[in-house]
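In: Quick one, fold the following:
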Amino acid sequence: MPDTLLIKDNRTGKEITVPITNDTIKATDLRQLKVKDDDFGMMTYDPAFMNTASCISRITFIDGDKGILRYRGYPIEQLAEKCSYLEVAYLLLHGELPTKTQLDDWAYNITHHTLVHESIKKFMEGFRYDAHPMGMLVSTLAAMSTLYPESKKLFDADNRKLQIYRLIGKVPTIAAYAFRHHLGQPYVYPDNDLSYPGNFLNMLFKMTEPKYKVNPVLERALDILFILHADHEQNCSANVMRSIGSSQADPFVSSAGAAAALYGPLHGGANEQVLVMLREIGSIDKVPEFIKKVKSGEGGRLMGFGHRVYKNYDPRAKIIKKTAESVFEVTGKNPLLEIAVELERIALQDEYFVKRKLYPNVDFYSGIIYEALGFPSEVFTVLFAIPRMSGWLAQWQELLLDPDQKIARPRQVYLGSGERNLVPIEKRG
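Out: Next comes the predicted model:
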């Protein structure tokens, strides 16, 4: 006998039996519950989608209580240790890790789509000298839709693959151009001899030298950071990517919308707020005083702790903390690291934070590493957007090929005025 849920409407005495599939019920089944025949029917009210599954997905699994993150079944710890970002991007989009031949072909196609059209370069030059790099990224992604009108052929598999190559290949170039524009420096063209993260570092930091020499430690650290940020289930920006994609908009404007969602300080801007907090603390001896203020509510917020999903130690935070140690051997230790480590040590032992399940998340250490690599804080969210592009595209493609999906159109609970008669303007009080 299939699993079912028996629901009784105490308003009418009516009972309905609703099938349970994968621990969920279909919200539309509740519309059987009505007081009058012409009622719309019962709806669920769920602000911010706290307990609503909007899709069936096979991409990313999270168990927040146990601190588990897996891409296509693979633990994030194994992927960060043994894979490159491009391997992980292939996994997200294709469902399986690539063979050597498949990876070579995948990397070749992405590498040879890193150049952006010169008109896009001129478009970016039109921004003010102090334009925020994330605003430039969002705008440029949307503008690229006009350059590739064929991208609207969403259900042509080869055409869709081409747009995926373009977006994963070009987003580091756009990000690097935004960074250089922010600094008032000339743009650096991609170098096809370099790896995906190595080429990005080249476009960011190359000056007058004939060939940029990539530090392998920093290159690998950036690759790991890209892997950790590649996807994170149905987060705010992924939800936006799916919502826009459900209208069958092309992937360029869809990803521009996702990047705009990432721009918000509650999503992609959180690691910048961690640095602000650490600078405000100032020194390691002031950490106990700061903790005391957080607990008493007198002032200060513990940024980088706690997560909407994770009620345990964010598995990405552990990997980033280890990666930070290798980075600082090259760059020298960031003085903020000592404050961060002490803050983490005290918070993990304090009953106040343990009881509330406030553990370090991915943002707690990532900003410190980015700063050590030479990035100003304005660029942090752009660094998040580069690897997340593969996750957005995987979510977008999964939605397009899902026969259950229709254009996103949430319902509302209307509590406004009933019907009113219009009063001419000269008679309005």
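In: Regarding this protein, what is its longest helix?
Out: helix 157-183 (DSSP state H).
In: Mark out where each domain of this structure begins and ends.
Out: Listed by automatic domain parsing, the domain ranges of the chain are 79-226+253-261, 270-372.
In: any idea how far the first one is from the chain center?
Out: Taking C-alpha atoms, centre = their mean, to the nearest Å, one finds the center of domain 79-226+253-261 at 16 Å from the center of the full chain.
In: In this structure, where is pLDDT below threshold?
Out: Applying pLDDT under 70 to the chain flags residues 1, 299, 308, 310.
In: Need phi/psi at Lys153.
Out: phi -80, psi 70 (degrees, to the nearest 10).
In: can you tell me which of the domains of the chain comes nearest to Val18?
Out: For the domains of the chain, the distance to Val18 is smallest for domain 270-372, at 26.7 Å, taking C-beta to C-beta. Using the backbone N, CA and C atoms, a C-beta is placed for each residue, glycine as well.
In: got the end-to-end distance for that closest one?
Out: 17 Å (C-alpha to C-alpha, to the nearest Å).
In: ok so, going back, pipe the domains of the chain into CSV and attach distance to Asn239 and mean neighbour count per row.
Out: Listed next are the domains of the chain as CSV, based on distance: least, C-beta to C-beta, whole Å; neighbours: other C-beta atoms under 10 Å:
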stretch, distance to Asn239, mean neighbour count
domain 79-226+253-261, 8, 18
domain 270-372, 12, 18
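In: For stretch 126-145, report the contacting residues that lie outside it.
Out: 116, 120, 123-124, 151, 166-167, 170-171, 174-175, 177-179, 181-182, 184, 250, 252-253, 255-256, 259-260, 262-263, 268, 378-379, 381-382, 385 (C-beta atoms under 8 Å, 6 or more residues apart in numbering).
In: Would you mind writing the CA trace of that stretch as CSV?
Out: This file holds the C-alpha atoms of stretch 126-145, laid out as CSV (Å, rounded to 0.1, in the frame of the first residue of the first chain):
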residue,chain,number,x,y,z
GLY,A,126,32.0,52.7,-20.5
PHE,A,127,31.5,52.1,-16.8
ARG,A,128,32.6,54.8,-14.3
TYR,A,129,36.2,54.4,-13.0
ASP,A,130,34.8,53.4,-9.6
ALA,A,131,32.0,51.1,-10.7
HIS,A,132,31.6,48.1,-8.5
PRO,A,133,33.0,45.0,-10.2
MET,A,134,29.9,43.0,-9.4
GLY,A,135,27.6,45.5,-11.0
MET,A,136,29.9,45.4,-14.1
LEU,A,137,29.6,41.6,-14.2
VAL,A,138,25.8,41.5,-13.9
SER,A,139,25.4,44.1,-16.7
THR,A,140,28.0,42.5,-19.0
LEU,A,141,26.4,39.0,-18.7
ALA,A,142,23.0,40.5,-19.7
ALA,A,143,24.6,42.4,-22.6
MET,A,144,26.1,39.2,-23.9
SER,A,145,22.6,38.0,-24.7
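In: Residues contacting stretch 351-364, please?
Out: 67, 228-229, 270-271, 273-274, 295, 302-307, 310-314, 316-317, 320-321, 340, 344, 347-348.
In: Return the distance of it from the chain's centre.
Out: That offset, for stretch 351-364, works out to 21 Å (C-alpha atoms, centre = their mean).
In: CA atoms of that stretch as CSV?
Out: C-alpha atoms of stretch 351-364 as CSV (Å, rounded to 0.1, in the frame of the first residue of the first chain):
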residue,chain,number,x,y,z
GLU,A,351,27.7,26.9,25.3
TYR,A,352,25.9,30.0,24.0
PHE,A,353,27.0,29.3,20.4
VAL,A,354,27.0,25.5,20.6
LYS,A,355,23.4,25.5,21.9
ARG,A,356,22.4,27.6,18.9
LYS,A,357,24.4,25.4,16.5
LEU,A,358,26.4,28.4,15.3
TYR,A,359,29.5,26.9,13.5
PRO,A,360,31.9,28.5,11.0
ASN,A,361,30.6,28.6,7.5
VAL,A,362,32.3,28.9,4.1
ASP,A,363,32.5,32.7,4.4
PHE,A,364,34.5,32.8,7.7
